[in-house]
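Student: using only what follows, build the 3D model:
(2 chains)
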Amino acid sequence: MAEAVPVLEIRDASITFGNFRAVKNVSTKVYENEIRFLIGPNGAGKTTLLDAICGKNRLSGGNIIYRSEGEEYDLQKIKENKIVNIGVGRKFQAPSVFTGLTIFENMELAVVRDRSVFASLKSKLRKQEIEDIKHQLQFVGLYEMRNEYPTVLSHGQKQWLEIAMLCVSKPKLMLLDEPVAGMGRRETQRTAELLKIIQNNCTIVVVEHDMQFVKEVATLVTVLHDGELLCEGTMDEVSGNQQVIDVYLGRGGE
Amino acid sequence: MDLKNLTVRGHRLTGKNILAMLIFLFLATAPIYMSSFRVNMLGKYMCFALVALGIDMIWGYTGILSLGHGVYFGLGAYCMAMHLKLEASNGELPDFMAWSAVEKLPAFWAPFHSSVFTICAVVLIPVIFAAIIGSLTFLNRIRGVFFCILSQALSYALATFMIGRQEYFGGSNGLTSFTTIFGFSVNSPTTKMVLFYFTLVFLIGAFALCTKIVNSRVGRVLIAVRDAENRVRFTGYSPAVYKVFVYCLSAALAGIAGALYVPQVGIISPTDINIAPSTEMVIWVAVGGKATLVGSILGALVVNFTKSIVSEQFPDIWQFFIGALFIAVILFFPGGLISIKDLPAKVIGIIRKKSSKADAADTAAVNADAREPKKDPKVSRTPVGKGGSV
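Tutor: As a prediction, this is how the structure comes out:
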């Protein structure tokens, strides 16, 4: 195991949009194989923080350090698509898959390592890659439908396809924005199982409002409120915190 | 094992490949049964088809609507025309320059004496120009309607520039009265025939190249960019690089088309590269069928051929027919002419639907007092439930 070196380290991060400070001096460390949840009321800055990690937003202060295979990266200085290529995968809230490609082809784009134009012109999928796709699709239960277009999928299945696309590219850090929003209880249950399996090879940061889901899978929970870090701890610790109850949980986890 | 089944697409293209072969066969044999006048016309349309192929790559597959491909067509055409003009002038100053009181050949004209340089320039100048424009726009994430307007402005700007530079590019008259191409008379039937087949070879080559690209992973990335650009970016690809690549490819095809157009038609003028012709190029693709490659060739040939025939028959009102053609295609075949092949299946589908509705009504009547009377047969057919139960 790693000698307690965090995979992701957010140091004093602030994000400003014009005069509005969406995230204020947040610091936290996420360790290997953790499933970290970011919770908090709407507008707390959870998604904004996630965006900053994957390079979609830029910080106005502080920095975000990501460590993988002995290398240390300052994510602020790296372009979005390069961030993906060093092992940070991101899933947005609304399911977003390629509807003009079959499910298998969706996976194909995610599985390959070299994503330059030249490589895409020449190379065919390797046997191992095809096996990976097969394994991953069976994992989310979409293998039988691999030659269909994603338009036939339900909302939950699209989310799974997207998660499968993330998994097959073997990220070290996975960022999920409300993966179970709009899912039924059974689908949520299934997603929770998925995350627990994914956890074995990957660190996961999730933004989520579904408290039951959080309880089920969270290693640690970070509560944000008005852009500030309110508290951090296990779900039990956090749900006993009076402040958290006041601003968020007491309001029914809006 | 079933690994082989996983290689997809390929087989779906066979129908289109057959159509493409028929078109190429028709073009190759046209000189046998058509007058040289018509054959010359076909040669011109093949140049248009070449442009349409490129536009299909960037618009049909990648979803970037460029209304300015006249620019690249024009750049290729003007490069070739400059060379032909110099050939025609026999070492003297081109005629239009003399009229504009230019005394010395401008420096940028000089390299066009060389036919090798010209052949390279015909491809490279459009590609370099496209690379610059593409990088500036796509790397800065200018897209959608903004790119569309920008590209249109570009073709207007180039046309205006050409008109304004009377002394360098012949102004609104353009460049014309050529005599020879690489030493062969442009008006001799043999040269014309050679040019015709040359164009055909380029068209087939371009079609093969585009098919190969579309069937490679690049094609899939392009479609993905069209569908969800952000997802592409966060899957680790750089959409801008792929966009610049396909933009340059389409510019190269347009440039080659322009260069082949000039000796066959005998003139290039700013009217051929302005907004109207640039927009028309997109219409060819739309009429033929987006994102099908062969559809764009078909569209370019059909639209232009119809245009010629109708304008000969009805010189006064021919534009109404063309307008009607566009409207009819958009209303009845939104997928373009190529989607006519789906027509029988569609009709059968409608008939089936009607009869199954009748069936459903019957069963509903029978089960009127059952607890779940509203079980639409359609719902059970959708595969949603299948994967959800894992």
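Student: in chain B, which residue is closest to the centre?
Tutor: Centroid-nearest residue in chain B, with CA atoms, centre = their mean: B:Ala52, separated by 1.1 Å.
Student: got the buried residues for the helix or strand hosting that one?
Tutor: Assigned by DSSP states H and E, B:Ala52 belongs to helix B:36-55. If you call a residue buried by 16 or more other CB atoms under 10 Å in any protein chain shown, then helix B:36-55 has these buried ones: B:39-55. Any C-beta I mention is one placed from the backbone N, CA and C, and that applies to glycine too.
Student: that helix - what's its average pLDDT?
Tutor: Throughout helix B:36-55, pLDDT has a mean value of 96.
Student: state the mean pLDDT of the helix or strand following that helix.
Tutor: The element immediately downstream of helix B:36-55 (helix or strand, assigned by DSSP H and E) is helix B:70-89. What helix B:70-89 shows for mean pLDDT is 96.
Student: mind giving me the packing neighbours of helix B:70-89?
Tutor: Judged by 3 or more CB pairs under 8 Å, 6 or more residues apart in numbering or on different chains; DSSP states H and E, helix B:70-89 is in contact with helix B:115-138, helix B:145-164, strand B:175-176, strand B:180-181, helix B:239-265, strand B:267-268, helix B:275-288.
Student: so which of these is the most surrounded?
Tutor: Counting by mean count of other CB atoms under 10 Å in any protein chain shown, helix B:239-265 has the highest mean neighbour count of the helices and strands packed on helix B:70-89, with a mean of 26.
Student: which other helices and strands does that one contact?
Tutor: Under the contact definition 3+ CB pairs under 8 Å, 6+ apart, helix B:239-265 sits against helix A:117-122, helix B:36-55, helix B:70-89, helix B:115-138, helix B:189-215, helix B:217-227, helix B:229-233, strand B:267-268.
Student: what is the burial count for the residue of the stretch 151-254 of chain A found nearest chain B?
Tutor: Residue of the stretch 151-254 of chain A nearest chain B, by CB to the nearest CB: A:Ser154 (4.5 Å). Neighbours of A:Ser154 under the rule other CB atoms under 10 Å in any protein chain shown: 20.
Student: what's the pLDDT at it?
Tutor: A:Ser154 is given a pLDDT of 92.
Student: domain-wise, how is chain B divided?
Tutor: Listed by automatic domain parsing, the domain ranges of chain B are B:9-335, B:348-388.
Student: tabulate those (a markdown table), appending distance to A:Gln138.
Tutor: What follows is these, written out as a markdown table (distance: least, CB to CB, whole Å):
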| stretch | distance to A:Gln138 |
| --- | --- |
| domain B:9-335 | 21 |
| domain B:348-388 | 11 |
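Student: mind telling me which of those domains the model trusts least?
Tutor: Among the domains of chain B, domain B:348-388 scores lowest, at a mean of 54.
Student: still on that earlier bit, now do the contacts for the residue nearest to the centre of chain B.
Tutor: B:Met281, B:Trp284, B:Val285, B:Gly288, B:Ser296, B:Ile297, B:Gly299, B:Ala300 (CB atoms under 8 Å, 6 or more residues apart in numbering or on different chains).
Student: of all pairs in the residues you listed, which one is the farthest apart?
Tutor: Distance extremes for those: the farthest pair is B:Met281 and B:Ile297 at 12.7 Å, using CB to CB.
Student: and A:Ala164, how many neighbours?
Tutor: A:Ala164 has 28 nearby residues by other CB under 10 Å.
Student: isn't B:Lys290 right up against B:Gly60?
Tutor: Yes: counting by CB atoms under 8 Å, B:Lys290 touches B:Gly60, with 3.8 Å between them.
Student: residues that sit against both of these two, list them.
Tutor: Shared contacts of B:Lys290 and B:Gly60, defined by CB under 8 Å, 6+ apart, are found at B:Ser296.
Student: neighbour-wise, which of those two wins?
Tutor: More crowded of B:Lys290 and B:Gly60, by other CB under 10 Å: B:Gly60, with 26 against 23.
Student: for B:Phe138, see how far away the more buried one is.
Tutor: Separation of B:Gly60 from B:Phe138 (CB to CB, to the nearest Å) stands at 18 Å.
Student: cool, and B:Tyr61?
Tutor: From B:Tyr61 over to B:Phe138 the distance is 15 Å, taken as CB to CB.
Student: next one: A:Val221
Tutor: Taken as CB to CB, the span from A:Val221 to B:Phe138 is 41 Å.
Student: show me what from the stretch 201-350 of chain B comes close to chain A.
Tutor: Contacts of the stretch 201-350 of chain B with chain A, taken as CB under 8 Å from any CB of the partner chain, map to B:213, B:216-218, B:220-221, B:223-224, B:226-228, B:230-238, B:241-242, B:245.
Student: in the stretch 101-250 of chain A, which residue sits nearest chain B?
Tutor: A:Gly141 (2.9 Å).
Student: that residue and A:Ile15, how far apart?
Tutor: 37 Å.
Student: the more surrounded of those two?
Tutor: A:Ile15 (22 against 18).
Student: is that one in a helix, a strand, or coil?
Tutor: Judged by DSSP: H, G, I helix; E, B strand; the rest coil, the three-state class of A:Ile15 is strand.
Student: where's the residue nearest to it when sequence neighbours are not counted relative to chain B, distance?
Tutor: Leaving out its chain neighbours, the residue that sits closest to A:Ile15 by CB to CB, 6 or more residues apart in numbering or on different chains is A:Val23, at 4.2 Å. Distance from A:Val23 to chain B, counting by CB to the nearest CB, to the nearest Å: 20 Å.
Student: tell me which residues touch A:Val23, please.
Tutor: Listed by CB under 8 Å, 6+ apart, the contact partners of A:Val23 are A:Ala13, A:Ser14, A:Ile15, A:Gly45, A:Thr48, A:Leu49, A:Ala52, A:Leu224, A:Gly227.
Student: one more pass at 10 Å, please.
Tutor: A:10, A:13-17, A:44-46, A:48-49, A:51-52, A:57, A:59-62, A:224, A:226-229 (CB atoms under 10 Å, 6 or more residues apart in numbering or on different chains).
Student: distance of B:Ala276 from B:Tyr156?
Tutor: Between B:Ala276 and B:Tyr156 the distance, using CB to CB, works out to 10 Å.
Student: what do those two both touch?
Tutor: B:Gly70.
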